[in-house]
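In: Any chance you can model this:
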Amino acid sequence: MLARTSIFDSAMFEDVSPHPLEWAERMVPAGRPCYRFFRAAFRRSYRFLDARAHAAAFDLLRCTYIAGREDPGIPSDASQELAQRSGGRLHLIPGAGHLEAIKVARREVIALALSTFAGDRDRLASHRDLPIQAVHSA
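Out: Modelled structure (predicted):
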């Protein structure tokens, strides 16, 4: 069996776009010609920027992604794919846009973070004794 190489056991991410240029294309469509040029001219660099390609290499025991369900720049299915590739879980926050999860559901986000870092998988999975009503596992 291979030994774990990471000094971290857990991680929490909020509104992580699988690719910064895909995010930019959705958020600033006027820049599409530039993004497409970069993709064509710098193919290797473009692939390197894709977080999906690196997510499986995360050496974490626990990983939680939090995303705003109404985030116009990061589709929920893209967040779900990134979480799955890293072996993590995704929690979508209804009513939250980009970087608004902590504003919309502060207590719930903090509870999820503490559960993730404490390694309390049962509480994280069930939400039984957490006051979480706005958080929905995808």
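In: For residue 45, the count of nearby residues, please.
Out: Residues lying near residue 45 (other C-beta atoms under 10 Å) number 11. Bear in mind the C-beta positions are built from the backbone N, C-alpha and C, glycine included.
In: do you know how far it is from residue 108?
Out: From residue 45 over to residue 108 the distance is 37 Å, taken as C-beta to C-beta, to the nearest Å.
In: Counting neighbours, what do you get for residue 84?
Out: 16.
In: Could you say which helix or strand holds it?
Out: Secondary structure from DSSP states H and E places residue 84 in helix 76-85.
In: ends of stretch 57-74, how far apart?
Out: 22 Å (C-alpha to C-alpha, to the nearest Å).
In: What are the buried residues along that stretch?
Out: Neighbour counts using 16 or more other C-beta atoms under 10 Å place 60, 62, 63, 64, 65, 66, 67, 68, 69, 71, 73, 74 of stretch 57-74 among the buried residues.
In: and if you look at stretch 13-29?
Out: Using 16+ other C-beta under 10 Å as the test for burial, stretch 13-29 gives 13-19, 21-26.
In: what's the helix ranked longest in the chain packed up against?
Out: If each helix of the chain is counted by residues according to DSSP state H, the longest one is helix 106-118. When contacts are defined as 3 or more C-beta pairs under 8 Å, 6 or more residues apart in numbering; DSSP states H and E, helix 106-118 sits against strand 10-14, strand 62-68, strand 89-93, helix 121-126.
In: tilt between it and strand 10-14?
Out: Angle of helix 106-118 versus strand 10-14, following axes from the mean of the first three to the mean of the last three C-alpha atoms, to 10 degrees, is 150 degrees.
In: Would you mind extracting the C-alpha trace of stretch 11-28 into PDB?
Out: Taking C-alpha atoms only, stretch 11-28 is exported to PDB below (Å, rounded to 0.1, in the frame of the first residue of the first chain):
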ATOM      1  CA  ALA A  11     -10.100  20.500   2.500                       C
ATOM      2  CA  MET A  12     -13.100  22.800   2.000                       C
ATOM      3  CA  PHE A  13     -13.700  24.600  -1.300                       C
ATOM      4  CA  GLU A  14     -16.300  27.300  -2.200                       C
ATOM      5  CA  ASP A  15     -17.300  28.000  -5.700                       C
ATOM      6  CA  VAL A  16     -14.400  26.400  -7.500                       C
ATOM      7  CA  SER A  17     -14.600  26.600 -11.300                       C
ATOM      8  CA  PRO A  18     -13.300  23.500 -13.000                       C
ATOM      9  CA  HIS A  19     -11.600  25.800 -15.500                       C
ATOM     10  CA  PRO A  20     -10.900  29.600 -15.100                       C
ATOM     11  CA  LEU A  21     -11.300  30.300 -18.800                       C
ATOM     12  CA  GLU A  22     -14.600  28.500 -19.000                       C
ATOM     13  CA  TRP A  23     -15.800  30.500 -16.000                       C
ATOM     14  CA  ALA A  24     -14.600  33.700 -17.700                       C
ATOM     15  CA  GLU A  25     -16.400  32.800 -20.900                       C
ATOM     16  CA  ARG A  26     -19.700  32.600 -19.100                       C
ATOM     17  CA  MET A  27     -19.100  35.700 -16.900                       C
ATOM     18  CA  VAL A  28     -17.400  38.000 -19.500                       C
END
